[in-house]
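Participant: sequence plus predicted model, see below.
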Amino acid sequence: MKTLALLGAAHIHTPNFVKRLLDRKDVQVKAVWDHDPARASKNAAALHHAAVVSEPSAIWNDPGIDAVVVCSETNRHAELVGASAAAGKHLFVEKPLGFSGTDALAMAKAIRQAGVLFQTGYFMRGNPINQFLRQKLQEGLFGKVTRIRLSNCHAGSLHGYFDSDWSWMVDPAIAGCGAFGDLGTHVLDILLWWCGAPARVTADTAVATGRYGQCDECGEGLLRFADGCIASLAAGWVDVADPVKVLISGTEGHACVISNQLYLTSAKLPGADGATPWTDLPPALPHAFELFLDALNGKKVPLVTPDEAALRSVVMGALYQAAEKQQWVSLAGQKR
């Protein structure tokens with residue numbers, strides 16, 4: 001049985017991870033640290049009364065702890081991740097990896113050099129449709145891809161998701177971003193997983209309700225790839241519905257995902273007439289967190305690499321820079 005520690009419990013996904021840890025028979029949580037003692041105690045109690053430690057060094061110095069789950073505020077990632085890697089602890093780090101591209105790249109280097117397992121919370125890779133479309137893009141089903149559009153939105157601002165326990169997530173000085181970065185990083189991951197790094201990007205963000213001051217509540221990004229494909233990303237906390245998640249347009253095919261149904265048009269694939277949902281899909285993969293726990297227990301499973309996670313922070317940082325300056329930002333020559 002592998003032994004873990006919870007290193008920070010601030011992220012909105014922490015309760016979900018706690019539940020998943022409790023449901024597993026092959027892991028146990030020995031210790032919990034958070035700079036907020038009340039938050040640490042609450043999560044330690046939920047985790048079968050794990051020990052609350054006053055300093056994260058107690059976790060790093062404990063040879064009985066195999067791995068850490070970092071769910072702290074984003075601006076604490078660099079210190080916690082760097083020290084955990086140096087201590088030889090395997091790492092699950094909630095997304096985004098970095099507060100900026102600079103600290104994300106430094107963390108990726110530290111993780112690589114330490115040779116520890118790494119995973120982050122990009123769970124959308126496990127979706128059967130996203131897996132299928134990646135395969136078909138690689139096979140050239142769509143011919144020359146001209147446009148891709150991805151969307152990931154919910155009604156978080158409208159429903160007050162961040163009014164109390166998760167209020168740090170609407171403070172860009174702590175979170176590093178607002179709604180566009182928070183939800184947009186998931187579809188950015190899918191886009192880069194499909195297409196690689198873009199050549200240049202631009203974006204704009206907006207405050208819609210003002211519920212969280214000047215924190216952005218929605219945004220749109222535009223990304224240009226070296227092969228000529230133009231992609232757009234939508235993300236926001238002010239959407240009452242978000243039925244159209246994916247659109248891919250190419251010279252020999254088209255795909256769209258509406259209400260979680262894939263509609264596929266291509267003469268290269270028998271039956272892909274676009275009229276009825278395409279259901280011949282691979283099985284769903286376990287959640288990204290479950291994949292990390294599986295890998296920790298010796299299973300060979302697909303994980304996000306630290307360099308992939310860092311690139312997402314680099315590109316999202318460039319998108320925010322573009323929004324602030326109202327111009328295109330080139331990714332050419334940037335470290336990745």
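Facilitator: That came through, no problem.
Participant: run through the residues that contact the closest residue in space to residue 209 that isn't next to it in sequence.
Facilitator: Distance criterion C-beta to C-beta, 6 or more residues apart in numbering; nearest residue to residue 209, sequence neighbours excluded, is residue 157 at 5.3 Å. No exception for glycine: its C-beta is placed from N, CA and C like everyone else's. Going by C-beta atoms under 8 Å, 6 or more residues apart in numbering, residue 157 touches 179, 208, 209, 211, 212, 217, 237, 238.
Participant: of the residues you listed, keep whichever come out buried.
Facilitator: 179, 211, 212, 217, 237, 238 (16 or more other C-beta atoms under 10 Å).
Participant: returning to what we had before: what does the pLDDT read for the residue nearest to residue 209?
Facilitator: Residue 157 is assigned 98 on the pLDDT scale.
Participant: show me which residues of the host helix or strand of it are buried.
Facilitator: Using DSSP states H and E, residue 157 falls within helix 156-159. Using 16+ other C-beta under 10 Å as the test for burial, helix 156-159 gives 156, 157.
Participant: quick one: the strands in the stretch 1-150 of the chain?
Facilitator: Using DSSP state E, counting those that start in this stretch, the strands of the stretch 1-150 of the chain run over 2-9, 27-33, 51-52, 67-71, 90-93, 118-120, 145-153.
Participant: hang on, the earlier thing: which members of the buried ones among the contacts of residue 157 are positioned in helices?
Facilitator: residue 179 (DSSP state H).
Participant: any chance of the buried ones among the contacts of residue 157 in JSON lines, with pLDDT and distance to residue 270 too?
Facilitator: Putting the buried ones among the contacts of residue 157 into JSON lines (pLDDT from 0 to 100; distance: C-beta to C-beta, whole Å) gives the following:
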{"residue": "179", "pLDDT": "98", "distance to residue 270": "41"}
{"residue": "211", "pLDDT": "98", "distance to residue 270": "50"}
{"residue": "212", "pLDDT": "98", "distance to residue 270": "50"}
{"residue": "217", "pLDDT": "98", "distance to residue 270": "44"}
{"residue": "237", "pLDDT": "98", "distance to residue 270": "41"}
{"residue": "238", "pLDDT": "98", "distance to residue 270": "42"}
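Participant: make JSON lines out of the buried ones among the contacts of residue 157 and add distance to residue 119.
Facilitator: Converted to JSON lines, the buried ones among the contacts of residue 157 look like this (distance: C-beta to C-beta, whole Å):
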{"residue": "179", "distance to residue 119": "24"}
{"residue": "211", "distance to residue 119": "32"}
{"residue": "212", "distance to residue 119": "29"}
{"residue": "217", "distance to residue 119": "29"}
{"residue": "237", "distance to residue 119": "25"}
{"residue": "238", "distance to residue 119": "30"}
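Participant: any idea of the pLDDT on the closest residue to residue 281 other than its chain neighbours?
Facilitator: Nearest residue to residue 281, sequence neighbours excluded (C-beta to C-beta, 6+ apart): residue 128, at 3.9 Å. With respect to pLDDT, residue 128 scores 98.
Participant: shouldn't residue 128 be in contact with residue 280?
Facilitator: No. Taking contacts as C-beta atoms under 8 Å, residue 128 lies outside contact range of residue 280: 9.8 Å.
Participant: domain ranges for the protein, per the record?
Facilitator: 2-123, 124-284+303-330 (automatic domain parsing).
Participant: to residue 292, which of the ones you listed lies closest?
Facilitator: domain 2-123 (3.7 Å; C-beta to C-beta).
Participant: for residue 186, helix, strand, or coil?
Facilitator: helix (DSSP: H, G, I helix; E, B strand; the rest coil).
Participant: hmm, residue 53 and residue 37 touching each other?
Facilitator: No. At 10.5 Å, residue 37 does not count as touching residue 53 under the criterion of C-beta under 8 Å.
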